[in-house]
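Enquirer: task: produce atomic coordinates for the following.
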Amino acid sequence: MKVAVVMGGYSDESVISLRSGKLVLSNLDKSKYEAFEVHILKDGWHVVADDKKYPINKADFSVDMDGRHIRFDVAVNTIHGTPGEDGHMQAYWELLGLPYSGCSFYQSALTFNKRDTLSVLSKFGIPRAKSIYLSKGQAVSVDEIVAQLGLPFFVKPNQSGSSLGVSKVNDPADFDKALAFAFAEDNDILIESNLKGTEVSVGVLHYRGQTTVLGLTEIVSQNDFFDYEAKYEGKSEEITPARLDRETERKVRETAAKAYEALGMRGFSRSDFIVMDGVPHFIEMNTNPGLSPQSIFPQQAAHAGIAFSDLLDNEIALALERRTLWKK
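Expert: Take a look at the predicted model:
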């Protein structure tokens, strides 16, 4: 089976995505799959092999290399950010009839939009922070924000990942700087109240026919919050399993599974929560969680005693099921 392991992307998360893709490549069972390293970057789409680049034909997502014309059987999507985590690549593959891993283009677009995700989940009674939605150019008063949300509060891009563009505002004087930082990533932003509690990250996937909570990881950041530096430059402690009492752990697991199913999810996901007074409050969901050796999702798989190659087999099997769904 010819598997395109697709990585890169057009955002600042592309560097992280390339690490994720390489981990997937190293864990695919070579007796089952012929895997290809596919880079989707602003400077072009290529298969990379032996330090050579072979252009992808965008008309059918095929490639000619070393005298072979290769049509992929399935795409394993490891792009973080646009165009692989916002539904664009998934819609393209679906039009081509190429099975792909993870959730559908609609779920991908929905979960990449923080405001819309929170709006959907509010109908299912899942607790969350208070929030204000703001578009670039819209007038805003920091005094009104403080009156509604209190201090400190968070300013974050509506559509972005890896904590890019996120600031914690402790002093109203820092608000304009936080706005500029967030608007550099997206034209729409969320301003959210601070939830003081234990931060946990929960891996959830559809595994062997059922929604499965892979594990709970407690995040202890050395910085003021779990920002990009804390995530990727060793400025945090990630404790798996999270240090929660049994009842709180049960609530987190149930809420994470409920959110996954409420959003119609499929494939890998990682949801972030703040547990405040024993109640898990939803922060966001990542449908293409980081899969680099430093990432949380692989750590949880290892703790659960599930070989990463088995999870990839499961993802590919789910992807191939799409052919049956498309024919109905």
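
Enquirer: tell me the secondary structure of residue 280, please.
Expert: At residue 280 the chain is in strand, as set by DSSP: H, G, I helix; E, B strand; the rest coil.

Enquirer: who's it bridged to?
Expert: With DSSP bridges applied, residue 280 shows beta-bridge pairing to residue 275.

Enquirer: doesn't residue 255 make contact with it?
Expert: Yes: counting by CB atoms under 8 Å, residue 280 does reach residue 255; the two are 4.7 Å apart. Any C-beta I mention is one placed from the backbone N, CA and C, and that applies to glycine too.

Enquirer: ok, now which ones touch residue 96?
Expert: Counting by CB atoms under 8 Å, 6 or more residues apart in numbering, residue 96 makes contact with 60, 61.

Enquirer: so residue 280 and residue 255 - more neighbours on which side?
Expert: residue 280 (28 against 24; other CB atoms under 10 Å).

Enquirer: please identify every residue contacting each of residue 280 and residue 255.
Expert: residue 273.

Enquirer: buried sites along stretch 7-15?
Expert: For stretch 7-15, burial by neighbour count (16 or more other CB atoms under 10 Å) applies to 7, 8, 9, 10, 11, 12, 13, 14.

Enquirer: can you give me the distance of the residue in the chain sticking out farthest from the centre to residue 56?
Expert: Residue farthest from the centre of the chain, counting by CA atoms, centre = their mean, is residue 67 at 36.6 Å. To residue 56, residue 67 is 17 Å away according to CB to CB, to the nearest Å.

Enquirer: for the closest residue to residue 195 other than its chain neighbours, give me its contacts.
Expert: The shortest distance from residue 195 to any non-neighbouring residue, by CB to CB, 6 or more residues apart in numbering, is to residue 274 (3.9 Å). Residue 274 sits next to 129, 195, 196, 197, 198, 199, 200, 280, 281, 283 when contact means CB under 8 Å, 6+ apart.

Enquirer: cool, and residue 201?
Expert: Residue 201 neighbours (CB under 8 Å, 6+ apart): 216, 217, 219, 238, 270, 271, 272, 273, 296.

Enquirer: so what's the residue count around the last one?
Expert: Looking back up the chat, that one is residue 296. 24.
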